[in-house]
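**Q** no FASTA, just this:
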Ligand SMILES: [Zn+2]
Ligand SMILES: [Zn+2]
């Protein structure tokens, strides 16, 4: 089950990692399956806009599968910025590419990066963020919601507190109920464990609530942007999943989830 379903390479604007190096590190760490999830946006005002070369990305995947396929299962995914906006453009750009896995993220609110939105809206930024996430989960054509409570990372960096789960419980429950209704999963993203935040995204209370509400589609991802950190925190994420009541996590093949059991210890 040891797999990493959220990883970036130099096909993303904010990573210099070479895919083959990531694969070699993954194999050396005993990872069995990796899904690359490069950033992509069709919005010219998003920082990620204009970087992706899909021909290169697909060639990297094919080359890596050729070199390492007997030791590592390699999947092609994508992480979309605000895929509930400009949906027709996303559809045009993506429909011919055979992705295994599509994640949706709120990285910007109203064409503002989260950090800038936070600075301009100090009293409402958590509400605004979860409201945007609700719009995303209601409309977007995706498989999994990436890092559901990402705003807390910027909040902490800017001297604010992590949000209180109980205060936002209704908003979060609405997001999770909509996800379940639409067959959309969530991930446990371990990048927060490697930052001053020192906790996964989302908080275990959200993972537990998703399970309580009947959610079944859960992936585990490092959100690593470097070969050295591939798979970082995945064992901790598996532990969180178990503690939150999950017995299975999911892998994806051509956007179809398949449940595989978590190990018992
Ligand atoms: Zn992201
Ligand atoms: Zn990411």
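**A** Everything's here; your move. Source: prediction; values computed, not measured. Ligands and ions are numbered 1, 2, ... in the order given.
**Q** the strands in the stretch 1-150 of the chain, which residues?
**A** 3-7, 33-40, 73-81, 101-105, 108-109, 112-113, 144-145 (DSSP state E, counting those that start in this stretch).
**Q** just name the most buried of the ones you listed.
**A** Comparing those by mean neighbour count (mean count of other CB atoms under 10 Å), strand 3-7 ranks first with a mean of 28. From N, CA and C alone the C-beta is placed, and that goes for glycine too.
**Q** could you give the angle of that one to strand 101-105?
**A** Counting by axes from the mean of the first three to the mean of the last three CA atoms, to 10 degrees, strand 3-7 points 50 degrees away from the direction of strand 101-105.
**Q** show residues contacting strand 3-7.
**A** Residues from elsewhere that reach strand 3-7, judged by CB atoms under 8 Å, 6 or more residues apart in numbering: 22, 26, 31-37, 73, 75, 77, 79, 101, 103, 144, 146, 187, 189, 219-224, 230-231, 234, 249, 251-252.
**Q** now stretch 78-93
**A** Under CB under 8 Å, 6+ apart, the answer for stretch 78-93 is 6, 8, 37-43, 46, 48, 94, 99, 101-108, 132, 135-136, 138-142, 146.
**Q** name the residues that touch stretch 151-169?
**A** 114-115, 118-119, 122, 125-127, 129-130, 149, 172, 192, 195-197, 199, 201, 203, 205-206, 209.
**Q** can you select the buried ones from these in PyMOL?
**A** To isolate the buried subset of these in PyMOL, counting by 16 or more other CB atoms under 10 Å, use the following:
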select buried, resi 114+118+125+126+129+130+149+172+192+197+199+201+203+206+209
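**Q** quick one: contacts for the closest residue to residue 20 other than its chain neighbours?
**A** In space, and not counting its chain neighbours, residue 20 is closest to residue 64: 5.9 Å by CB to CB, 6 or more residues apart in numbering. By CB under 8 Å, 6+ apart, residue 64 lies in contact with 19, 20, 23, 74.
**Q** same for ligand 2: which of those residues are within range?
**A** Filtering the contacts of residue 64 for proximity to ligand 2 by CB under 5 Å from the ion leaves nothing.
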